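>>> Generate a structure from the sequence data that follows.
(one chain, ligands or ions: 1)
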Amino acid sequence: MSQENLNPFHIAQTQFDRAADILRLEDGMRELLKHPKRQMIVSIPVKMDDGSLAVFEGYRVQHNIARGPAKGGIRYHPDVTLDEVKALAAWMTWKCATVNLPYGGGKGGVRVNPKTLSPTELERLTRRYATEIAPIIGPDRDIPAPDVYTDAQTMAWIMDTMSMFKGHTELGVVTGKPVELGGSRGRREATARGCQFTIREACRIKGLTLDEARVVVQGYGNAGSAVARLLHEDGARLIAVSDSQGGVYNPRGLDPLAVLAVKRETGSVVNFSEAEPISNEELLELECDILIPAALENQITLQNADRIKARIIAEAANGPTTPGADRILFDKGIFVIPDILANAGGVTVSYFEWVQDLYGFFWDEAEVNARLEQIMTRAFADVYREAEKHRVDMRTGAYVLAVARVAEATRVRGIFP
Ligand code: NAD
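Numbering: from 1, shown residues only. From the prediction side, this is the model:
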């Protein structure tokens, strides 16, 4: 089997190139849109609880800001690299353009295992990282949000840190904040809810009903656990879930809330007793209707794509499928809802949060969810139309739509000076 390049930034560029070929994008524009506008590498010294000093490396990348301020999460993970953050920032550019938000794309990361830090160490790390990237973030320039192993508390610390420098409270500097602190109702579940809306549309196209549909979720965190619960409410049967420690499987169905309670109590879904253990690799290859990768990149690759048996794959995670795997899945007739569409509900409600913060006027959850549904179903239809028009998969359809929008914004702005 041929080797694949699994560097996420290389993958992001390969995906971009496919759309650029279809759009016959000129060479100069290609170069411009392929590379990040700004990349910042920072060194983050943290006083540890035992009195020692630890230094962590952090990044903030702004891939493109042609259509508005950069927008994108912050990830804490021991494997974070600059190339990963560059890829995630590029995917944010294309995601915001796919759902037509007035944003560009950015992303941040710190190379740290947050599970080994105490809450006070984590707070000092977060405040110092925020201070280091402060020159380039702000409500009108770049607005971070949560990602893997960061949450509403992390965002509250960043908001407070930035506000200390300003001398006044600045709510719009980050999204995904607690509701008590300028957060939006519905933001916590927004990624999952957006994913649910796109799955409903895909089911319609594939002639599948959600009632009794067998669902498999890899990664039982913010996004994965919420999408499992929402699909369960739609009548679907959750048959397997996993996290970084492994997975559990029960063909008769798992109760998503009971699994979440065990994860919260013990730290992992593997301790859920009414199910058989299963590895993350086996879980991806289960016979099921809907497979939801909701963990990290490069899970469905040339190595296993041929053995995937799902009818629909909804990418709650960013970058779970490689370009090589995409070709195989397309040939097998598996309908992939790409990350830049499937998980765009998170950034969409982040946009609502930012709008509410800037206006100081807050909406109820029903309004948030109704507006989210409108944006997600319209974006799905736009992407599907492009995919059908060019006879390509949904990912390429989404890229064609997004790249055309960003290229057009760049053209009408012109190149300075
Ligand atoms: P999270 O930290 O809440 O959850 C991540 C989950 O994945 C955890 O349960 C963790 O145990 C599990 N995991 C980690 N490594 C794993 C592995 N090797 N195999 C299986 N499971 C593993 O993070 P999240 O916010 O839910 O993000 C998950 C994915 O969704 C990421 O790709 C992220 O970029 C994407 N995403 C999140 C949001 C959001 O709003 N939170 C929005 C868009 C996209």
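>>> drop to CA atoms for contacts and neighbour counts, all remaining ones
Noted.
>>> quick one, strands of this protein?
All strands of the chain, identified by DSSP state E, fall at 38-47, 53-64, 70-77, 105-111, 142-146, 214-218, 237-243, 246-249, 276-278, 290-293, 312-314, 335-337.
>>> So for the ligand, which of these sits nearest?
Closest approach to the ligand among the strands of the chain (C-alpha to the nearest ligand atom): strand 237-243, 3.5 Å.
>>> when you scan the closest one, is anything in it near the ligand?
Yes - counting by C-alpha under 6 Å from any ligand atom, the ligand is contacted by strand 237-243 at S242, D243.
>>> List the residues that contact the spatially most distant residue from the centre of the chain.
Ranked by distance from the centre of the chain (C-alpha atoms, centre = their mean), the top residue is G51, with 35.9 Å. Applying C-alpha atoms under 8 Å, 6 or more residues apart in numbering to G51 gives no contacts.
>>> Against the ligand, how distant is it?
28 Å (C-alpha to the nearest ligand atom, to the nearest Å).
>>> Please identify the buried residues of stretch 365-382?
V368, N369, L372, E373, I375, M376, T377, A379, F380, D382 (16 or more other C-alpha atoms under 10 Å).
>>> In the stretch 1-150 of the chain, where is pLDDT below threshold?
Scanning the stretch 1-150 of the chain for pLDDT under 70 picks out 1-2.
>>> nearest residue to the residue in the stretch 301-417 of the chain positioned nearest to the ligand other than its sequence neighbours?
In the stretch 301-417 of the chain, the residue found nearest to the ligand is A317; the distance is 3.4 Å by C-alpha to the nearest ligand atom. Closest residue to A317 apart from its sequence neighbours, by C-alpha to C-alpha, 6 or more residues apart in numbering: A294 at 4.2 Å.
>>> What score does the one you found have for pLDDT?
pLDDT recorded at A294 is 98.
>>> Pull the contacting residues for it.
Contacts of A294 by C-alpha under 8 Å, 6+ apart are V217, Q218, G219, Y220, G221, A223, G224, E315, A316, A317, N318.
>>> what does R395 give?
So R395 contacts V336, I337, P338, I340, A387 (C-alpha under 8 Å, 6+ apart).
>>> Per-residue pLDDT of the third one, please?
Listed pLDDT for P338 reads 98.
>>> State the distance from the closest residue in space to it that isn't next to it in sequence to Q15.
Once flanking residues are discounted, P338 sits nearest to R395: 5.1 Å by C-alpha to C-alpha, 6+ apart. Here the criterion is C-alpha to C-alpha, to the nearest Å. By it, R395 lies 8 Å from Q15.
>>> Could you do Y220 as well?
Separation of Y220 from Q15 (C-alpha to C-alpha): 27 Å.
>>> quick one, what contacts the residue of the stretch 301-417 of the chain closest to the ligand?
A223, P293, A294, A295, L296, E297, D339, N343.
>>> So what does the third one look like in phi/psi?
In other words, A294. Torsion angles at A294 (phi, psi; degrees, to the nearest 10) stand at phi -140, psi 30.
>>> excluding its backbone neighbours, what's nearest the most centrally placed residue in the chain?
The centroid of the chain falls nearest to N318 when counting by C-alpha atoms, centre = their mean (4.7 Å). Nearest residue to N318, sequence neighbours excluded (C-alpha to C-alpha, 6+ apart): D339, at 5.4 Å.
>>> wait, isn't the one you found in contact with G319?
Yes - look at D339 against G319 with C-alpha atoms under 8 Å: they come within range, at 6.7 Å.
>>> rewinding a little: between Y220 and Q15, point out the one with more neighbours.
Y220 (25 against 18; other C-alpha atoms under 10 Å).
>>> mind listing what the closest residue to the more buried one other than its chain neighbours touches?
Residue nearest to Y220 in three dimensions, not counting chain neighbours: D243, with 5.5 Å by C-alpha to C-alpha, 6+ apart. By C-alpha under 8 Å, 6+ apart, the contact set of D243 is Q218, G219, Y220, G221, S268, V269, V270, N280, A295.
>>> can you tell me which residues contact the closest residue to the last one other than its chain neighbours?
Using C-alpha to C-alpha, 6+ apart and skipping the chain neighbours, the partner closest in space to A295 is G219 (4.4 Å). With contacts defined as C-alpha under 8 Å, 6+ apart, G219 is in contact with S225, V241, S242, D243, S244, P293, A294, A295.
>>> Going through those, which ones are buried?
Those of the contacts of G219 that meet the buried threshold are S225, V241, S242, D243, S244, P293, A294, A295, by 16+ other C-alpha under 10 Å.
>>> farthest-separated two in those residues?
S225 and S244 (13.5 Å; C-alpha to C-alpha).
>>> What residues does the stretch 301-417 of the chain have near the ligand?
Looking at the ligand, the residues of the stretch 301-417 of the chain close enough under C-alpha under 6 Å from any ligand atom are A316, A317, N318, N343, G346.
>>> So what's the predicted local confidence for the residue lying closest to the last one once chain neighbours are set aside?
Translated: G346. Of all residues not flanking G346 in the chain, T191 sits nearest, at 4.0 Å (C-alpha to C-alpha, 6+ apart). You'll see T191 listed with a pLDDT of 97.
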